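Need the 3D shape of this:
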Amino acid sequence: MDSTLFIIGIIGNIISVLVFVSPIPTFWRIVSSKSTEDFESAPYVLTLLNSLLWLYYGITKPDGLLIATVNGFGAVMETIYVVLFLVYAADPTTRVKTVKLVATLDIGFFGFVFATTTFAIPGLDMKIMIIGLICACLNVFMYGSPLAAVRTVIASKSVEYMPFFLSFFLFLNGGVWATYALLDRDVFLGIPNGIGFFLGGIQLVIYAVYKNYRVESQISDEAGDDEWQAASTSFLSSDARV
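Residues are numbered from 1 along each chain as shown. Presented below is the predicted three-dimensional model:
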């Protein structure tokens, strides 16, 4: 492997690890409260599927070691998150829903892809192409899913529903892996991460636009309250003098 490609791959691994460990504060809260509260399990189940597929792609593709290692780590972390979600599910309905998602996606769908590409697809190149296409499609969906928060941010003019560090690390992750893919001439890795880099940039721009709005609004409201209180005090004082 070219040294430049290897260095970029290592940087990509480090950033990807930061993305994978970013939910730790959330699960620390879940463990501390012994409840998943209103958190959803779907993002973690989907990320586990994404990690498993990219791990399989990295193992199957020659020189795919760096792709395999980081997604192997991701698969372990996401498995821990899903297990914790099952253990501390807020109610039986949440636990059953999570089990169904895991059975359908992480076991059923991944098992189907693995079995089909292993036993029914001849030739290594064809196998890599099919796995890569599936990974690319899922990755675009994963990168685009945080954009659902953009509508909330614009409507509420508050970034509290768009965690900065998650958006920032997804932006960096997409950029680094898109660069890696460009040097490695890997279209399946390049397209979704290039799109992820672009979408991450949009999220950061929106964050920059609205990050101070809530503060300014609160200051304005507090100033208005102070003026109203001052006026009220003055009015009451006038009444007292009368």
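
So what touches stretch 19-36?
Residues from elsewhere that reach stretch 19-36 (CB atoms under 8 Å, 6 or more residues apart in numbering): 37, 39, 44, 51, 73-74, 77-78, 81, 84-85, 88-90, 94, 163, 165-166, 169-170, 173. All C-beta spots, glycine's among them, are computed from the backbone N, C-alpha and C.

go with 6 Å
G74, M77, Y81, L84, F85, Y88, A89, A90, L166, F169, N173 (CB atoms under 6 Å, 6 or more residues apart in numbering).

Looking at the residues you listed, state which has the most neighbours.
N173 (24 neighbours; other CB atoms under 10 Å).

related to what we said a few turns ago, farthest pair in the contacts of stretch 19-36?
Spatially, the most separated pair among the contacts of stretch 19-36 is A90 and N173, at 30.4 Å (CB to CB).

Only alpha carbons, please: show stretch 99-109 as PDB.
The C-alpha coordinates for stretch 99-109 follow below in PDB (Å, rounded to 0.1, in the frame of the first residue of the first chain):
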ATOM      1  CA  VAL A  99     -35.200  -7.200  18.800                       C
ATOM      2  CA  LYS A 100     -37.300  -7.200  15.600                       C
ATOM      3  CA  LEU A 101     -35.000  -4.600  14.000                       C
ATOM      4  CA  VAL A 102     -31.800  -6.500  14.900                       C
ATOM      5  CA  ALA A 103     -33.300  -9.800  13.700                       C
ATOM      6  CA  THR A 104     -34.500  -8.200  10.400                       C
ATOM      7  CA  LEU A 105     -31.500  -6.000   9.500                       C
ATOM      8  CA  ASP A 106     -28.300  -7.100  11.400                       C
ATOM      9  CA  ILE A 107     -29.000 -10.800  11.300                       C
ATOM     10  CA  GLY A 108     -31.500 -11.300   8.400                       C
ATOM     11  CA  PHE A 109     -30.300  -8.700   5.800                       C
END
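
Next one: D186 from I131, what distance?
D186 is 12 Å from I131, where distance means CB to CB, to the nearest Å.

neighbour count winner among the two?
Taking neighbours as other CB under 10 Å, D186 and I131 compare with I131 leading, 24 against 21.
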